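Trainee: I need the structure of the sequence given here:
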Amino acid sequence: MNIMDFLFSSKKKDKIIALFDIGSGSVGGAIVQIPTDGKGVPTILKSVTNEIKFHKRLKAKNFMKDMISALDLTVNALYNKKVGAPDQIVCVLASPWYLSETRVIKMKREKPFIFTKRFASELIQKEISSLTEIYKDKYGTSESTPQLIEQYTMAVSLNGYTTEDPLGKKCQSIEMDIVISLAPLLCLDKIRETLSKTFHNIDVTFSSFTLDTYFAVRDKYVALDSYLLLDIRGEITDVGIVTNGILKSVLSFPFGKKTFFNYICTKLEIELRDAKELFKLYSDDNLSSLMKEKAIPLFKSISRSWGEAFNQCISTLPRTLILPSTVFLTADNDIKNWFSNVLRNEEYIQSTTPDNKCTVVTLDDSLFLNMCNIKDGICDPFLIIEAIAIMRKMTK
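Mentor: Numbering: from 1, shown residues only. Got it, this is the predicted structure:
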């Protein structure tokens with residue numbers, strides 16, 4: 001390179017993203033450095049997490065308020081890390097702050113036609129408009145009506161054959177698998193308002209955790225094409241079903257980590273801190289014989305209740321959809337192993353999978369060491385998964 005080339009060459013600087021993971025049990029935040037040349041891996045420079053306030057009785061209005069409070073604490077803590085102003089803000093929503101719909105768009109014509117980007121966009125927009133109208137009728141007020149936050153085309157088939165490059169090809173029939181994610185306008189506005197107090201005039205985009213997990217798992221486990229994605233948060237369990245590489249369905253049911261501890265509090269008539277201490281002693285096998293007699297039947301009852309809720313959730317699926325036997329699980333560290341054992345041993349789960357057994361892979365931070373750098377020591381896997389997904393979306 002001569003001196004003129006050197007002086008006038010421009011290297012794109014890495015992009016700095018403020019990432020927020022908004023769940024039903026906690027709100028995490030991270031400053032992520034994304035290489036814009038598509039090479040290398042994302043780097044999490046700093047991260048923080050704040051719990052959402054625990055209530056024995058959940059009320060929607062208070063729940064939203066508590067989530068925003070946790071977000072506000074996380075935003076300020078991340079700002080005080082003094083990493084610098086981000087170029088962009090990405091908020092990844094978990095249930096119940098968003099919902100995803102999987103759709104299959106089918107169309108057939110007598111005469112051949114050319115598949116174009118504009119044609120595909122029109123079909124997808126028509127599907128989104130139809131879905132939006134359904135929710136307008138269901139929820140009534142504009143604040144409650146879910147707004148589009150993300151749309152992704154999983155696969156395109158022309159004349160019955162899946163193709164990765166359909167543009168410009170002639171066909172008579174098409175089939176498109178798409179995922180549409182939506183969130184209530186009120187929730188989105190509250191989040192934007194909270195972020196704008198600290199991060200001024202910075203673009204905010206939204207995405208869904210299930211879709212982000214799909215991207216991270218697909219890139220990590222290239223040879224595996226069918227599996228379950230389970231995300232167990234504070235109040236909700238999300239279930240994503242991937243078949244032949246396509247996210248075919250996204251479901252959820254109201255049973256999570258907080259439900260688990262609330263169950264213990266209610267049955268034993270103890271406070272939350274005592275329930276957590278009891279569970280820790282149980283997990284470490286440090287309970288006295290007397291306490292084991294009380295605890296073991298209790299935990300078996302919770303296991304059965306979660307299994308029944310899972311079974312009821314998936315019973316809404318078409319009978320033609322066979323559940324894969326591999327499960328990728330995301331959950332907080334204190335509860336992850338317990339739910340992993342439930343999946344391996346609970347009869348309600350085993351009866352739904354081929355060969356009546358399932359393989360459980362917990363998505364820990366160590367799994368993604370070759371896909372994401374962490375400068376701030378320890379980081380929860382939710383943020384790592386989302387950082388990987390952000391880079392994939394930006395550099396695809």
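
Trainee: Next one: the closest residue to I174 other than its chain neighbours, what pLDDT does it get?
Mentor: The shortest distance from I174 to any non-neighbouring residue, by C-beta to C-beta, 6 or more residues apart in numbering, is to M107 (5.3 Å). Every residue, glycine included, has its C-beta placed from N, CA and C. Note on M107: pLDDT of 93.

Trainee: M107 touches S173, doesn't it?
Mentor: Yes: applying C-beta atoms under 8 Å, one finds M107 in contact with S173, separated by 6.9 Å.

Trainee: starting at the chain centroid, how far to the helix ranked longest in the chain?
Mentor: Scanning the chain for the helix with the most residues, using DSSP state H, yields helix 289-314. Helix 289-314 has its C-alpha centroid displaced from the chain centroid by 25 Å (C-alpha atoms, centre = their mean, to the nearest Å).

Trainee: Tell me the first helix or strand C-terminal of it.
Mentor: Going down the chain from helix 289-314, the next helix or strand is strand 326-331, by DSSP states H and E.

Trainee: The residue nearest to I174 and P318, how far apart?
Mentor: Between M107 and P318 the computed distance is 21 Å (C-beta to C-beta, to the nearest Å).

Trainee: ok, these two, which is more surrounded?
Mentor: M107 (13 against 7; other C-beta atoms under 10 Å).

Trainee: In three-state terms, how would the more buried one be classified?
Mentor: Assigned by DSSP: H, G, I helix; E, B strand; the rest coil, the conformation of M107 is strand.

Trainee: Same check on the one 5 residues further on?
Mentor: Three-state secondary structure (criterion: three-state DSSP) places P112 in strand.

Trainee: how close does it get to L158?
Mentor: 10 Å.

Trainee: got it, and K197?
Mentor: Counting by C-beta to C-beta, the gap from K197 to L158 is 49 Å.

Trainee: Go ahead and confirm V179 touches L148.
Mentor: No: using C-beta under 8 Å, V179 is not in contact with L148, being 11.5 Å away.

Trainee: of these two, who's got more company?
Mentor: Using other C-beta under 10 Å as the criterion, V179 and L148 rank with V179 on top: 23 against 15.

Trainee: Surely that one is within a helix?
Mentor: No: in this structure, V179 is strand, not part of a helix, as judged by three-state DSSP.

Trainee: Report pLDDT for it.
Mentor: In this model, V179 carries a pLDDT of 95.

Trainee: T36 should be in a helix, yeah?
Mentor: No: read with three-state DSSP, T36 is coil and lies in no helix.

Trainee: just checking, it touches P42?
Mentor: No: the criterion here is C-beta under 8 Å, and T36 misses it with P42 at 11.2 Å.

Trainee: Could I get the buried residue list for the helix or strand harbouring I384?
Mentor: Element membership of I384, judged by DSSP H and E, is helix 381-395. Across helix 381-395, burial judged by 16 or more other C-beta atoms under 10 Å covers 381-394.

Trainee: give me the low-pLDDT residue ranges for the protein?
Mentor: 1-12, 58, 139-144, 320, 346-356, 396 (pLDDT under 70).

Trainee: which residues in it form helices?
Mentor: Using DSSP H, the helices of the chain run over 3-8, 60-79, 117-139, 185-196, 209-220, 257-268, 272-283, 289-314, 333-345, 347-350, 381-395.

Trainee: Mind putting the ones you listed into TSV with distance to I374?
Mentor: Output for the helices of the chain, formatted as TSV (distance: least, C-beta to C-beta, whole Å):
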stretch	distance to I374
helix 3-8	34
helix 60-79	15
helix 117-139	36
helix 185-196	23
helix 209-220	15
helix 257-268	23
helix 272-283	25
helix 289-314	31
helix 333-345	15
helix 347-350	32
helix 381-395	7
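
Trainee: between these, which gets nearest to A18?
Mentor: helix 60-79 (6.7 Å; C-beta to C-beta).

Trainee: how distant is that closest one from the center of its chain?
Mentor: How far helix 60-79 lies from its chain's middle: 18 Å, per C-alpha atoms, centre = their mean.

Trainee: Just the buried residues of that helix, please?
Mentor: 63-64, 66-68, 70-75, 78-79.

Trainee: got the contact list for that helix?
Mentor: Contacts with helix 60-79, where a contact means C-beta atoms under 8 Å, 6 or more residues apart in numbering, come from 18, 20, 22, 24, 26-31, 46-53, 55, 97, 186-187, 190-191, 194-195, 197-199, 235.

Trainee: For PyMOL, write the select line for the buried members of the residues you listed.
Mentor: To isolate the buried subset of these in PyMOL, counting by 16+ other C-beta under 10 Å, use the following:
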select buried, resi 18+20+22+24+26+27+28+29+30+31+46+47+48+49+50+52+97+187+190+191+194+195+199+235
